[in-house]
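Peer 1: Dropping the sequence and predicted coords here.
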Amino acid sequence: MDSEQNRSIYTLLFFLLCASTLLFSASFNMIIPELPNYLSSLGGAEHKGLIISLFTLTAGISRPFSGKLTDQWGRVPVMAIGSIVCVICGFLYPILSSLSGFFLLRLVHGFSTGFKPTATSAYIADIIPSNRWGEALGMHGLCYSIGSAVGPALGGFVAQTYGINAMFYFSSLFAFLSIIIVFNMKETLKTKRPFHTSMLSISKKDILEVRVLPAAIVMLLCYSASGVILTLIPDWSENLGVLNKGLFFTVYTVASVAIRLLSRKAADQYGRIIMMRIGIVIMALSLFVLGFGKSVNYLILGASIFGIGSGILSPALNAWTIDLSEPSHRGRAMATMYIALEAGIGFGALFAGYIYQDIMNRVPQIFYANAIVVFIALLYIYYWEKTKKSQHY
């Protein structure tokens, strides 16, 4: 048992998983900074909040299905479905170039993140000893973050140099490379069953894993900030004179990568709760900095602080989710967490888009309001701990 717990997590299988995730993340993040202007060019400037919220809507709806399929059909095929959706959508954006076509594709594109991350998290829990989950999820998240940085920066360059359609095609290419890696990975689900349409039948118990609801609530509150940022930062960057709207996401990711490397074992050594508290406080601070500053330097500072906060919070929160779950329902547990993630991002995006409406002086107030929402997650953790302690007396 001791040798199993102490063996290295950095195997070829783990590296393949991380590489696939990096490419997948780069694929769908590549197009995000350019979408607000693209939507405006289609005549839909007042609907910018829907860019993210529609995407997260179908991602959230698909989670119960991906969770059940992950637990029954297998991790590998569910991961592959997520990347296949990205390939298809990348080719269709230039073809379905009307407002209705664009919104339809945002809905369909959301299925990608509804499937791949759910199965990937379950895969990690299968191949990594439980005392190394925090480290493994942190390193895997680092690769996701690198994709989040490389994608927008490369997408912005391709769009400016070769045009918006070329950017969409590059997005498809990255997703296709992710699929190739996934199909060369071995399945880890021991009780894998052949696909059957009955797997698409969802009951109430398949929608949410009750055991992980505390983690889901923290996820929803904290990641509303991502929806706000994804909706506002492209226009806010342009307002501050930043030519490449991927700058914020690049700085954010560099900071997130750095802190994940420095603190990759922290959630395993010091505990999930204390690391989540630290991450939440830092994330809330970053939103105040973004709202307070009216210069590129403040944008970079805010991006750095947000990257540090999320880089600390995410591995601890993911590991806490697995801690709370049962092995036989890991797919459902991770699906529940990602439903909360998508709900948080979607609500944040809708809130930001509804208040913003291309009125730039409203942006700081939106950041301040969202900082309060994030801070509420800290209060909830204290409430959860107090309730848990009282149940033991």
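Peer 2: It's in.

Peer 1: Tell me the buried residues in stretch 297-311?
Peer 2: Across stretch 297-311, burial judged by 16 or more other C-beta atoms under 10 Å covers 299-311. (Each C-beta comes from the backbone N, C-alpha and C, glycine too.)

Peer 1: scratch that, stretch 328-345 is what I was asking about
Peer 2: Buried residues in stretch 328-345, counted by 16+ other C-beta under 10 Å: 329-345.

Peer 1: from those residues, which ones fall inside helices?
Peer 2: Among these, the members falling in helices (DSSP state H) are 330-345.

Peer 1: surely residue 106 meets residue 55?
Peer 2: Yes - with contacts counted by C-beta atoms under 8 Å, residue 106 reaches residue 55, the gap being 5.1 Å.

Peer 1: The two: which is more packed in?
Peer 2: The neighbour comparison of residue 106 against residue 55 (other C-beta atoms under 10 Å) goes to residue 55, with 28 against 22.

Peer 1: what's near enough to touch that one?
Peer 2: Counting by C-beta atoms under 8 Å, 6 or more residues apart in numbering, residue 55 makes contact with 106-107, 109-110, 113.

Peer 1: Buried subset of the residues you listed as a ChimeraX selection?
Peer 2: Applying 16+ other C-beta under 10 Å to the contacts of residue 55, the buried members can be selected in ChimeraX as follows:
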select :106,107,109,110,113
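
Peer 1: Closest to residue 349 out of the contacts of residue 55?
Peer 2: residue 106 (11.1 Å; C-beta to C-beta).

Peer 1: Okay, buried residues for the helix or strand where that closest one lies please.
Peer 2: Element membership of residue 106, judged by DSSP states H and E, is helix 99-127. Under the neighbour-count criterion of 16+ other C-beta under 10 Å, helix 99-127 has 102-103, 105-125 buried.

Peer 1: For residue 192, which three-state class applies?
Peer 2: Using DSSP: H, G, I helix; E, B strand; the rest coil, the structure places residue 192 in coil.

Peer 1: that older thread, can you tell me which two in the ones in helices among the buried residues of stretch 328-345 are farthest apart?
Peer 2: Farthest-apart pair in those is 330 and 345; separation 22.4 Å (C-beta to C-beta).

Peer 1: Which SSE is immediately downstream of the one helix or strand residue 229 maps to?
Peer 2: Per DSSP H and E: residue 229 is located in helix 224-239. Counting by DSSP H and E, the element after helix 224-239 in chain order, helix or strand, is helix 247-262.

Peer 1: tell me which residues in the next helix or strand after that following helix are buried?
Peer 2: Counting by DSSP H and E, the next helix or strand C-terminal to helix 247-262 is helix 266-270. Within helix 266-270, the residues that qualify as buried are 266-268, counting by 16+ other C-beta under 10 Å.

Peer 1: Likewise for stretch 210-225?
Peer 2: 211-212, 214-225.

Peer 1: So what touches that stretch?
Peer 2: Counting by C-beta under 8 Å, 6+ apart, 208, 276, 279-280, 283, 287, 306, 313, 317, 320-321, 324-326, 329, 333, 336-337, 339-341, 343-345, 347-348, 351, 370-371, 373-374, 376-377, 380-381, 384 sit against stretch 210-225.

Peer 1: Tabulate the buried residues of stretch 297-311 in TSV, adding columns for pLDDT.
Peer 2: Below are the buried residues of stretch 297-311 laid out as TSV (pLDDT from 0 to 100):
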residue	pLDDT
299	95
300	95
301	97
302	96
303	96
304	97
305	97
306	97
307	93
308	95
309	96
310	93
311	90
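
Peer 1: Tell me which residue lies nearest the centroid of this protein.
Peer 2: By C-alpha atoms, centre = their mean, the chain has its centre lying nearest to residue 341, at 7.1 Å.

Peer 1: Can you check what pLDDT the model gives the closest residue to residue 11 other than its chain neighbours?
Peer 2: Leaving aside its chain neighbours, residue 11 sits nearest to residue 127 (7.5 Å; criterion: C-beta to C-beta, 6 or more residues apart in numbering). What the model reports as pLDDT for residue 127 is 90.

Peer 1: Tell me who's in contact with residue 127.
Peer 2: Residue 127 makes contact with 11, 13-14, 188 under the criterion C-beta under 8 Å, 6+ apart.

Peer 1: which of those residues count as buried?
Peer 2: By neighbour count, with 16+ other C-beta under 10 Å, the contacts of residue 127 hold 14, 188 as buried.

Peer 1: The contacts of residue 127 into a markdown table, with extra columns for secondary structure and distance to residue 233?
Peer 2: Output for those, formatted as a markdown table (DSSP: H, G, I helix; E, B strand; the rest coil; distance: C-beta to C-beta, whole Å):
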| residue | secondary structure | distance to residue 233 |
| --- | --- | --- |
| 11 | coil | 36 |
| 13 | helix | 35 |
| 14 | helix | 32 |
| 188 | coil | 37 |
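
Peer 1: Low-confidence ranges, this protein, go.
Peer 2: Per-residue confidence for the chain (pLDDT under 70) gives these ranges: 1-7, 392-393.

Peer 1: Looking at the contacts of residue 127, spot the one nearest residue 355.
Peer 2: Nearest to residue 355 among those is residue 14, at 42.1 Å by C-beta to C-beta.

Peer 1: Quick check: nearest residue in space to the closest one, chain neighbours excluded?
Peer 2: Spatial nearest neighbour of residue 14, chain neighbours left out: residue 127 (6.6 Å); criterion: C-beta to C-beta, 6+ apart.

Peer 1: what's the burial count for residue 47?
Peer 2: When neighbours are counted by other C-beta under 10 Å, residue 47 comes out with 17.

Peer 1: ok, now residue 388?
Peer 2: Residue 388, neighbours per other C-beta under 10 Å, totals 10.

Peer 1: May I have the secondary structure class of it?
Peer 2: Looking at residue 388 with three-state DSSP, the answer is helix.

Peer 1: Can you give me the distance of it to residue 273?
Peer 2: 10 Å (C-beta to C-beta, to the nearest Å).

Peer 1: now do residue 223
Peer 2: 18 Å.

Peer 1: for residue 182, same thing?
Peer 2: Per C-beta to C-beta, residue 182 is found 34 Å from residue 273.

Peer 1: Give me the more crowded residue out of these two.
Peer 2: More crowded of residue 182 and residue 273, by other C-beta under 10 Å: residue 182, with 29 against 15.
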